[in-house]
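**Student:** Using only what follows, build the 3D model:
(2 chains)
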Protein chains: 2
Amino acid sequence: MGRVGHVTDSAPAADVPAPLDLTSDLITLTRQLCDVPSPSGHETALADLVEGALRAQPHLEVLRDGDAIVARTSLGAASRVVIAGHIDTVPVADNLPTRVVGEGSRAEIWGRGTVDMKGGVAVQLALAAALDAPARDITWVFYDHEEVDASLSGLGRIARNHPDWLAGEFAILCEPTAAGLEGGCNGTLRVEVRVPGVAAHSARSWTGINAIHGAAEVLRRLEAYVPASVEVDGLVYREGLNAVTIRGGVATNVVPDSCAVTVNYRFAPSTSLEQAEAHVRELFDGYEVVVVDGAAGARPGLDDPTAAGFAAAVLAVTGGAPAPKYGWTDVARFSALGIPAVNFGPGDPVLAHKADERCPVGDLTACYDALREWLTA
Amino acid sequence: MGRVGHVTDSAPAADVPAPLDLTSDLITLTRQLCDVPSPSGHETALADLVEGALRAQPHLEVLRDGDAIVARTSLGAASRVVIAGHIDTVPVADNLPTRVVGEGSRAEIWGRGTVDMKGGVAVQLALAAALDAPARDITWVFYDHEEVDASLSGLGRIARNHPDWLAGEFAILCEPTAAGLEGGCNGTLRVEVRVPGVAAHSARSWTGINAIHGAAEVLRRLEAYVPASVEVDGLVYREGLNAVTIRGGVATNVVPDSCAVTVNYRFAPSTSLEQAEAHVRELFDGYEVVVVDGAAGARPGLDDPTAAGFAAAVLAVTGGAPAPKYGWTDVARFSALGIPAVNFGPGDPVLAHKADERCPVGDLTACYDALREWLTA
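**Tutor:** Numbers count the residues shown, from 1 in each chain, chains lettered A, B, ... in the order given. The predicted model follows:
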């Protein structure tokens, strides 16, 4: 279909995004990244932009695996830090293109991805371009498929295909922490607790055994459970044990012969996945317990000298104290590779995935300044 | 598409069922009725056969509304009895055409509909043809849509469109009772008990309120409930209160903000629907209770002189004692019209809707004999 009327300039069609200018201010860069939607599985257009902008930097070697991009300095420094972020988001909720509300340091950028986590990616990209001679070597990682099934993770794929790309003494994941330092993460385990019964017509219910009634005891144990708070390497991790779904019954005139409760256990990083499973099996003793999925947490690792140095540098800029990360994040993947890792990025994690997702501009500059300070010191 | 080759006889194609011969033996008639599948909503072919066979009887006036057929004598007798049965079935479960297993009085007819309730319809049709001069006037009713939502019921439609077609002093519903006399029926009420919560990410579950955990108390009350047994007009009705479905939770990383338990209360016919609802609301005091559907039961009505006379006549042939009907049946519709009604038909109701549905030939003859005896006495 042709365009009708005079075409008065040669601007590209609106659906071909402009190249990224990594010298832009952080607001412009964050908005550019967000305004190219990249829900999981649809990252290619944005990955192409990121790759193109990084290849324009002569001090970086650029590598690519699928829609994951790695760019690294090779200065022969005594140590190397890995700074990683994902470029995918959860589906857009009618909250793009981005808009800026407020002015100056109180301004906020609204829209999908501003918090989780293209604000962090903008900080990464700006620093990747600006720091052509950092005090330590840096590997910048931008990866796909973080917001979906863990088996699809671009970071996991790099770890399998090119483990050398992730080599380093310390890792920083720019997931949202409201520009605070969050160490490690809780582990997560999902199990299905199954309660059997015997089907019968509900008009003659005494000939059956009601599986839903039988689930009363499972729910009672969940309700009575008091989750622990566990100190690990100086941070206190708050646990949680919750029924997340319950399903029972097939028809409204049948005594149900099965009821299944899916339980999600979020456990401190000092507990192994095996220990977590044993704990849940003990709690639901007497019932069939089937593991659905699980992933160990990550210790905060702040006793590591590099991590401690980073923490001190960050806190000198941002104030506050290190805190535990409750949600499971990819720091656990670094932890599994033997690399201490922390979460540090702009945006309030509570706003992630929400329709009113928005990132304070002050968080962007705080993260940029703190990272720049430490990377060049 | 034309048939290829010689056509050597003029038999109708296999999908055009042969007319019903109401002078056939009960086995043949039951099998003919069953071998024309008529799941609810697909009764027309069978209704046409029934109508045709009845119109061939000069002593009957035949009426039709949709796929419901009514045939009645008009002898000016002192009383009129309504004898009713439905011609639809639940879906066929690979159990047609019918087959006969065993011989003589121990033979059984296997297949969909033999119990619920084409065995009963065969008895009705055979008697409708045979009794051209009964001692009381008879209205034979054959109706559609019994096995689906009550609002579709062919009997309900007749009651709305032509209440005069159902006039009578007493009604017999030929639903399966294993040739025993089952009086009245329990009522049924379905409610949804709703438990609210506050959604949260399961990694920060302490910021939410888990609705599934909150349902523990609802299930505890159900589990602790002791259903009553209630004597009504000399029969003991056993009640039941059961969760039939439970649903809660939308995603495996979210603390659920709602959980709903559908509860089915089967209550004695001495309890009104309003009383049943009040009982359930009291039991789940503190929770939102929403009525889904309900229908009052029917008292056995065996204190009615006609019913008592019928009971005596039947029991003289079949032996045993009257029993309560637990499942809700259309006797409740007659009861609501002010007509005492009982269930009396061939086949074990426990086998209804099952893949191994089968009706003893002895039940067919017992029901035929007992009805004939009483109708001609």
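**Student:** got the residue ranges for the helices in the stretch 201-350 of chain A?
**Tutor:** A:211-214, A:216-224, A:273-283, A:305-318, A:331-336 (DSSP state H, counting those that start in this stretch).
**Student:** Need the winner for burial among the ones you listed.
**Tutor:** The highest mean neighbour count among the helices of the stretch 201-350 of chain A, using mean count of other Cβ atoms under 10 Å in any protein chain shown, belongs to helix A:211-214: a mean of 24. (Each C-beta comes from the backbone N, C-alpha and C, glycine too.)
**Student:** which strands and helices sit next to it?
**Tutor:** strand A:187-196, strand A:258-267, helix B:216-224, strand B:240-248 (3 or more Cβ pairs under 8 Å, 6 or more residues apart in numbering or on different chains; DSSP states H and E).
**Student:** rewinding a little: can you put the helices of the stretch 201-350 of chain A in TSV and add mean pLDDT?
**Tutor:** Converted to TSV, those look like this (pLDDT from 0 to 100):
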stretch	mean pLDDT
helix A:211-214	97
helix A:216-224	97
helix A:273-283	98
helix A:305-318	88
helix A:331-336	92
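**Student:** can I get these in TSV with distance to residue B:245?
**Tutor:** Converted to TSV, these look like this (distance: least, Cβ to Cβ, whole Å):
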stretch	distance to residue B:245
helix A:211-214	8
helix A:216-224	15
helix A:273-283	26
helix A:305-318	51
helix A:331-336	37
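**Student:** Please identify which of those is closest to residue A:70.
**Tutor:** Among the helices of the stretch 201-350 of chain A, helix A:331-336 comes nearest to residue A:70, with 14.1 Å by Cβ to Cβ.
**Student:** And chain B, is the closest one touching that?
**Tutor:** No. Figure legend: helix A:331-336 not in contact with chain B (Cβ under 8 Å from any Cβ of the partner chain); closest approach 12.6 Å.
**Student:** Spell out which residues of the stretch 101-250 of chain A are next to chain B.
**Tutor:** Counting by Cβ under 8 Å from any Cβ, the stretch 101-250 of chain A sits next to chain B at A:186, A:188, A:190, A:201-206, A:210, A:212-216, A:219-220, A:222-223, A:227, A:238, A:240-250.
**Student:** pull the helix or strand with minimum mean pLDDT from chain A.
**Tutor:** Lowest mean confidence among the helices and strands of chain A (mean pLDDT, DSSP states H and E): strand A:200-201, at a mean of 85.
**Student:** contacting residues around that strand?
**Tutor:** Contacting residues not belonging to strand A:200-201 are listed as A:206-208, A:253-255, B:327 [Cβ atoms under 8 Å, 6 or more residues apart in numbering or on different chains].
**Student:** so what strands line up beside it?
**Tutor:** strand A:254-255 (antiparallel) (DSSP bridges).
**Student:** where's the residue sitting nearest the centre point of chain A relative to residue A:53, distance?
**Tutor:** The C-alpha lying nearest the average C-alpha coordinate of chain A belongs to residue A:329 (Cα atoms, centre = their mean; 4.7 Å). To residue A:53, residue A:329 is 25 Å away according to Cβ to Cβ, to the nearest Å.
**Student:** the domain parsing of chain A - what is it?
**Tutor:** Following automatic domain parsing, one finds the domains of chain A at A:26-184+A:298-376, A:187-295.
**Student:** of those, which approaches residue B:145 most closely?
**Tutor:** Proximity to residue B:145 (Cβ to Cβ) singles out domain A:187-295 among those, at 16.6 Å.
**Student:** what about the closest one, how long is it end to end?
**Tutor:** 6 Å (Cα to Cα, to the nearest Å).
**Student:** can you check stretch A:264-274 too?
**Tutor:** Note: stretch A:264-274 ends 15 Å apart using Cα to Cα.
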